[in-house]
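Trainee: Sequence and predicted structure below; questions after.
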Amino acid sequence: MGNANRFAAETAVFSTLDLALIGPAETCPLCQKNPPILKYHIGSAAVRQQGRLCLTCACQLLNEIATREIGHWMTR
């Protein structure tokens, strides 16, 4: 029970957007190529990020989070 308090909860929530809400010239803020069709909220209670991404960048972000989490568990 004491160990449970050492870890901060981190969440990643992705949701689709209605394509009618995306402007014709709007692009993903990361790659500047694809339309940002996914809205995301990510982080812990202390640090939170949110925005809109394309599918490719959202997958890369999720992969980075998973890799970072695995790295934390491997060093323990």
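Mentor: On my side now, so go ahead.
Trainee: Could you use CA atoms for every contact and neighbour count after this?
Mentor: Will do.
Trainee: hey, where'd the strands end up in this structure?
Mentor: Taking DSSP state E, the strands of the chain run over residues 11-16, 38-43, 48-53.
Trainee: For the second one, which strands pair with it and how are they oriented?
Mentor: Neighbouring strands of strand 38-43 in its sheet, by DSSP bridges, are strand 11-16 (antiparallel), strand 48-53 (antiparallel).
Trainee: I'd like the strands of the chain laid out as a markdown table, including mean neighbour count and distance to residue 66.
Mentor: A markdown table is the format used below for the strands of the chain (neighbours: other CA atoms under 10 Å; distance: least, CA to CA, whole Å):
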| stretch | mean neighbour count | distance to residue 66 |
| --- | --- | --- |
| strand 11-16 | 13 | 10 |
| strand 38-43 | 17 | 13 |
| strand 48-53 | 16 | 16 |
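Trainee: for those, which one sits closest to residue 28?
Mentor: Proximity to residue 28 (CA to CA) singles out strand 48-53 among the strands of the chain, at 5.2 Å.
Trainee: picking that back up, any chance of the strands paired with strand 38-43 in JSON lines, plus mean pLDDT?
Mentor: Listed next are these as JSON lines, based on pLDDT from 0 to 100:
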{"stretch": "strand 11-16", "mean pLDDT": "83"}
{"stretch": "strand 48-53", "mean pLDDT": "86"}
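Trainee: Need these in a markdown table (columns: distance to residue 40).
Mentor: Shown next, in a markdown table, are the strands paired with strand 38-43 (distance: least, CA to CA, whole Å):
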| stretch | distance to residue 40 |
| --- | --- |
| strand 11-16 | 5 |
| strand 48-53 | 5 |
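Trainee: Now distance to residue 67 too, for the strands of the chain, in a markdown table please.
Mentor: Shown next, in a markdown table, are the strands of the chain (distance: least, CA to CA, whole Å):
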| stretch | distance to residue 67 |
| --- | --- |
| strand 11-16 | 14 |
| strand 38-43 | 15 |
| strand 48-53 | 18 |
